[in-house]
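In: here you go, sequence then predicted model.
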Amino acid sequence: MNDTASPSLRARKKAETWSAIHEAAAGLALEHGVEGATVEAIASAAGVSPRTFFNYFPAKEDAVLGMRAPVLDPQLLEGFSLEHDLLGQVSRLLLAVTRSAYAGRDAERRRKLLQDHPGLGRRRHELTLEAEDLVRRTLAELLARDPQWSAGIGEHPVDDVARMLVILGGVPLRFAITAESYSPAHGLPAEDHASALTLFHRLQEKLS
């Protein structure tokens with residue numbers, strides 16, 4: 001086997017193991033409840049050791065939901081500007097980073113698990129907060145490097161400004177996912193997010 005093929009093969013095997021553990025965890029949780037889906041039972045059903053389980057998931061809740069720590073792909077920052085539609089860019093960045101935590105693609109099954117086991121919602125909320133914090137820290141770094149923003153606003157430093165931007169960027173997302181037409185199984189369509197952003201901007205203009 002040549003060296004160039006090895007990383008690809010390793011990545012594929014890791015992805016297969018991750019999926020096997022997730023499928024076993026979700027299946028056991030649906031059948032026996034989250035309490036019955038122990039790490040030992042999940043590992044056995046997936047054909048791995050409990051030690052291997054923890055190499056892939058920090059907790060069984062993550063395995064059941066098919067979620068992982070959110071990441072911010074550097075490509076998401078290509079073309080990012082502090083001078084044009086900043087709130088819109090932050091909102092779209094926040095959505096992309098939050099979505100990165102949802103590695104398991106069966107949204108309908110995840111919705112049922114969350115509905116049947118509300119305790120899982122706490123872990124999802126924690127990962128959402130991780131995504132928000134990742135975006136906040138990235139924004140703070142961008143602001144600190146820009147002469148127009150580096151001094152902060154008034155008595156508030158760039159960290160405060162970044163935190164406020166993330167909160168504001170989440171408003172259109174919250175608006176869109178609480179609409180009657182929103183379907184957790186199908187996710188948030190780009191056009192619905194764009195519509196919420198348009199309303200947000202127009203409301204800003206109306207209030208200013």
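Out: All right, it came through fine. Numbers count the residues shown, from 1 in each chain.

In: where does the protein dip in pLDDT?
Out: For the chain, applying pLDDT under 70 flags the ranges 1-5, 185.

In: and if we set it to 80?
Out: Across the chain, the ranges flagged by pLDDT under 80 are 1-7, 184-186.

In: quick one: the helices in this protein?
Out: In the chain, the helices defined using DSSP state H lie at 5-36, 39-46, 50-56, 60-65, 86-99, 107-116, 120-144, 158-177, 190-207.

In: with only the CA atoms kept, save the second one in CSV.
Out: This points to helix 39-46. The C-alpha trace of helix 39-46 is given here as CSV (Å, rounded to 0.1, in the frame of the first residue of the first chain):
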residue,chain,number,x,y,z
VAL,A,39,-21.5,2.6,26.7
GLU,A,40,-20.8,-1.1,27.1
ALA,A,41,-23.9,-2.1,25.2
ILE,A,42,-23.2,0.4,22.4
ALA,A,43,-19.6,-0.7,22.1
SER,A,44,-20.6,-4.4,21.9
ALA,A,45,-23.3,-3.7,19.3
ALA,A,46,-20.8,-1.7,17.2
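
In: one step back: can you tell me which of the helices of the chain is packed in deepest?
Out: Neighbour counts (mean count of other CB atoms under 10 Å) averaged over each of these peak at helix 60-65, with a mean of 26. All C-beta spots, glycine's among them, are computed from the backbone N, C-alpha and C.

In: show me what that one is packed against.
Out: helix 5-36, helix 39-46, helix 107-116, helix 120-144 (3 or more CB pairs under 8 Å, 6 or more residues apart in numbering; DSSP states H and E).

In: reformat those helices as JSON lines; add distance to residue 155.
Out: Putting these into JSON lines (distance: least, CB to CB, whole Å) gives the following:
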{"stretch": "helix 5-36", "distance to residue 155": "46"}
{"stretch": "helix 39-46", "distance to residue 155": "48"}
{"stretch": "helix 107-116", "distance to residue 155": "41"}
{"stretch": "helix 120-144", "distance to residue 155": "16"}
